[in-house]
Structures are given as C-alpha cells and as structure tokens.
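Visitor: mind looking at a prediction? Sequence and model below.
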Protein chains: 2
Amino acid sequence: MSRRDEILDAAAGLLVEEGPDALSMRRLGELLGIRAPSLYKHVSGKEEILAALQERALRAMAVELEAARPDVRGLGDAYRAWALANPQQYTLVTRHPLDRDRLAPGVEAAAAAPLLAAVGGDQARARALWGLAHGLVDLELAGRFPSTADLDATWRAAIELFEPEPTQKESQP
Amino acid sequence: MSRRDEILDAAAGLLVEEGPDALSMRRLGELLGIRAPSLYKHVSGKEEILAALQERALRAMAVELEAARPDVRGLGDAYRAWALANPQQYTLVTRHPLDRDRLAPGVEAAAAAPLLAAVGGDQARARALWGLAHGLVDLELAGRFPSTADLDATWRAAIELFEPEPTQKESQP
DNA sequence: CCTCTCGGCTAACGGTGTTAGCTCAAGGTT
DNA sequence: AACCTTGAGCTAACACCGTTAGCCGAGAGG
C-alpha cells in the first residue's frame, strides 16, 4: 500500500469518525505521525484528498445500488440506506464541488445506471427519481424534517409516485 | 435602521455579490469602514449573521411560494425559479445548519404551507414534493447534471408524477 | 565512494473567527 | 457646570486553517 493510500485511508477514517471539520492537514499528519507539510510530498493538496474520497464513496455507493433489487422501490431503499449509513461520505459526494477532470471516467455513469434502468431508460424520469431520492436524503441528513415526521411513510409515498400500488379496495374486481 | 441591520444588509450583499467565501468578518468590516472585532458590538458572531440571513431568505422564499399558482406545477416552477434566481441564499438556507432556537417561530411552517396545500394536505406527499423540488434544485445548482441534460423536461416529468397529464392519444374519446 | 532522490523537518505567510482590554465621545444625572 | 456611564470604535493577540520554501539525513545506484 502506497503512502498516498495510507493518507487517504487515514483521511477517510478522520472524516467518518470526527466529521469534515476534523479533517485538516495538521490533524491528518498527526494521525500519521507526520507534520502537515510532509503530506504534500504525496498529495497535491487537500482538494486532491477530498476528490479521492469522493470517488471512493461514489464507487462504494454504485456497488450498493447495483446489488439492489432493480426496481424503483429497491433502489430507493438502497439509496437511502447507504446515505444514512454513510452520512459523511454522502455529504462529501453531493455537497463538495465535483471535479470531473480528477474523477476517473465512468464512475459517475456507473452510479447513475441502476436508476436509469429502473425507470425503463427514460432520462427525464431517471433524473426526477434521482432528485427525489437525493432531496429526501439531503433534507433528512440536514435535520430539516421535524423529528415527529414519519419518513418511512414519506418514502413510501415518494416511491408510489413511480410505482402506483393499487389499493385493495379499488383494485379491478 | 439599526447598525445591526446595516451589518446584515452588507453581509447579504457580500454573499450574493461575491459568494459565501467572501463573507468573512474582516471583509464585512471593511465594507462598513470598520474593523472586524467591532462587529461583535452588534452581533454575537458570524453564526448569528448567517442565521439572520437564513431567516431573511426563508421569508423571501415563502412570499414567492405564497404568490405562486397553488398547484403542484405552479409551486414547482416558483420553487425552482426562486432558487435559480437566488442561488447563494438557497444554498445558505438548505446547506447551512438550521438553528431553530434562533429562528422566529412560524417561519419554517409558512414556507412549507403552500406545498402542503398543493397536495391536499397529505403530509407524506407534501414532503415527497419538497424532497423532489429540493433535490432537483440542489443537484442543478451543484452542477451535477450533465450540461446536455434537458432540465425543463426533467421538471415536467417530475411534476407529472403528482399531476398526471392525459396524453392526447390516450385521452378519453 | 560518490551522488541523487525520497521523505521527512522547521519557519513562515496570509487567511479565518474570536477575545481582551483600551479609548474616546456623547448623553444623562446630580 | 461637573461627573459618570455607556456605546462603539480601536489594537493586539490567540488558535486555528491550507500552503510554500528551503533544509537535511538516510538509503539506493552507479
């Protein structure tokens, strides 16, 4: 494992363990038994570290989405579950500016593919689904919903927008 | 106008004009012909400034939503339009931690009310609508969609999830 | 044996939010 | 009129932040 990878691992640990504010070059160096400026022998700067972490997280999320049941409900659940289980990573992926030049090609598309497939290839609907899932997750992680809100019910209502569930009463006789 | 309000106005200007990074206590003081520490005679700290700007923006957005046509389409359009016209404010409102103790009571509910009314009072659907609108706006502002993406079409598809438009072909003969 | 490169180091710069403590003018009180 | 209080500015400083410049020693290769 290269020193660079050690740095990225330590950075990832710091991020999930103590949050984004704790992820400073000095703290990171300290964690590795090194002074902050020495990090620059292996990494161009903090931006590169964050970009690498972003890519890692995006890949991990894509793996999870590919493993999910390939319909809207399965994907929605997987999307939400991953975000809630990895809030720091999700926030980094979606709130930090995405430098596509640094990102390996295909990574973004790989994460989006399952969503696109689940809505039958309709780009507009796929983006709506993405927006819906991201919006709900982002608001939930940001604590924007009142603590009394039933978010499971919210997600059920959201998924039903895409896959209407015939109610028992009104189903065809 | 109190000195505090002058400070908040200057802060708002700095935010929309030069972005969140430019909104530092020293820059803000400079803009007012004052040294940064003097700001603390009128304001408890940067957090209070941001909270006040957040509340202002939330109120402005609520006004816009109340003025919109009170259906899903009208609200969706108004939501998106306001966010795109005031990206810095929208980002501040949604990405900065919301301190409800500092927020005047009712402000949050006032912004949410039109959405709730548009879906007939169904809380779960209202939150889904909010999530959808916020998600699409957040992703658009963050530049997450490819530049080739037709976001108008995406919004049309999104709104249609709530208000299905009978197509010409399949409409009742 | 010499040299060169790698990976550490210290010192420093300019930036951030914030605190402590001083000063001075304005206004109200006695 | 003299005094006192308060408000609103100031400087100096602290502890952080990301980053750069330049030095140094160990180890590898010729």
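Guide: Sure, I can see it.

Visitor: ranges for the helices of chain A?
Guide: For chain A, the helices defined by DSSP state H cover A:3-18, A:25-31, A:46-67, A:72-85, A:87-95, A:107-118, A:123-141, A:151-162.

Visitor: among these, which is nearest chain B?
Guide: helix A:123-141 (2.5 Å; C-beta to the nearest C-beta). Yep, even glycine has a C-beta here, placed from its N, CA and C like the rest.

Visitor: check whether the closest one contacts chain B.
Guide: Yes - part of helix A:123-141 sits near chain B under the criterion C-beta under 8 Å from any C-beta of the partner chain, namely A:123-125, A:127-128, A:130-136, A:138-139.

Visitor: which member of those residues is positioned nearest DNA strand D?
Guide: Each of the residues of helix A:123-141 next to chain B was scored against DNA strand D by C-beta to the nearest atom of the strand, and A:Asp138 proved nearest at 23.8 Å.

Visitor: burial of the closest one, as a residue count?
Guide: 22 (other C-beta atoms under 10 Å in any protein chain shown).

Visitor: for it, which non-adjacent residue is closest in space?
Guide: B:Asp138 (6.1 Å; C-beta to C-beta, 6 or more residues apart in numbering or on different chains).

Visitor: for B:Gly19, state which of the residues of helix A:123-141 next to chain B is nearest.
Guide: A:Asp138 (20.6 Å; C-beta to C-beta).

Visitor: and the closest one, what is it in contact with?
Guide: By C-beta atoms under 8 Å, 6 or more residues apart in numbering or on different chains, A:Asp138 lies in contact with A:Thr94, B:Thr94, B:His134, B:Gly135, B:Asp138.

Visitor: can you put these in CSV and add distance to DNA strand D and pLDDT?
Guide: Listed next are the contacts of A:Asp138 as CSV, based on distance: C-beta to the nearest atom of the strand, whole Å; pLDDT from 0 to 100:
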residue, distance to DNA strand D, pLDDT
A:Thr94, 20, 98
B:Thr94, 24, 98
B:His134, 29, 98
B:Gly135, 29, 98
B:Asp138, 25, 98
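
Visitor: now, of these, which are buried?
Guide: Buried members of these, scored by 16 or more other C-beta atoms under 10 Å in any protein chain shown, are A:Thr94, B:Thr94, B:His134, B:Gly135, B:Asp138.

Visitor: need those residues in TSV (columns: distance to B:Arg26).
Guide: Formatted as TSV, the buried ones among the contacts of A:Asp138 follow (distance: C-beta to C-beta, whole Å):
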residue	distance to B:Arg26
A:Thr94	30
B:Thr94	27
B:His134	33
B:Gly135	36
B:Asp138	30
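
Visitor: from those residues, which single one is nearest DNA strand C?
Guide: Out of these, the member with the shortest distance to DNA strand C (by C-beta to the nearest atom of the strand) is B:Thr94, at 20.1 Å.

Visitor: so who does the closest one touch?
Guide: Contacts of B:Thr94 by C-beta under 8 Å, 6+ apart are A:Asp138, A:Leu139, A:Ala142, A:Arg144, B:His134, B:Asp138.

Visitor: separation between the spatially most central residue of chain A and A:Pro20?
Guide: A centroid search over chain A (C-alpha atoms, centre = their mean) returns A:Tyr90, at 3.4 Å, as the residue closest to the centre. The spacing between A:Tyr90 and A:Pro20, counted by C-beta to C-beta, to the nearest Å, is 12 Å.

Visitor: and what of A:Thr91?
Guide: Distance, A:Thr91 to A:Pro20, by C-beta to C-beta: 7 Å.

Visitor: more neighbours: the two, which one.
Guide: More crowded of A:Thr91 and A:Pro20, by other C-beta under 10 Å: A:Thr91, with 20 against 14.

Visitor: DNA strand D versus that one, what's the distance?
Guide: From A:Thr91 across to DNA strand D, the span is 16 Å (C-beta to the nearest atom of the strand, to the nearest Å).

Visitor: I figured that residue hits A:Glu140, correct?
Guide: No - with contact defined as C-beta atoms under 8 Å, A:Thr91 and A:Glu140 do not form a contacting pair (11.6 Å).

Visitor: returning to what we had before: pick the most deeply packed of the helices of chain A.
Guide: Of these, the one with the most neighbours on average (mean count of other C-beta atoms under 10 Å in any protein chain shown) is helix A:123-141, at a mean of 23.

Visitor: tell me what angle it forms with helix A:151-162.
Guide: Between helix A:123-141 and helix A:151-162, the angle comes out at 170 degrees (axes from the mean of the first three to the mean of the last three C-alpha atoms, to 10 degrees).

Visitor: so what's the residue nearest to the centre of chain A up against?
Guide: Contact criterion C-beta under 8 Å, 6+ apart gives A:Ala57, A:Met61, A:Trp82, A:Ala83, A:Val137, A:Leu141 as the residues in contact with A:Tyr90.

Visitor: local confidence estimate at it?
Guide: The per-residue pLDDT reported for A:Tyr90 equals 98.

Visitor: same thing with A:Glu163?
Guide: 84.
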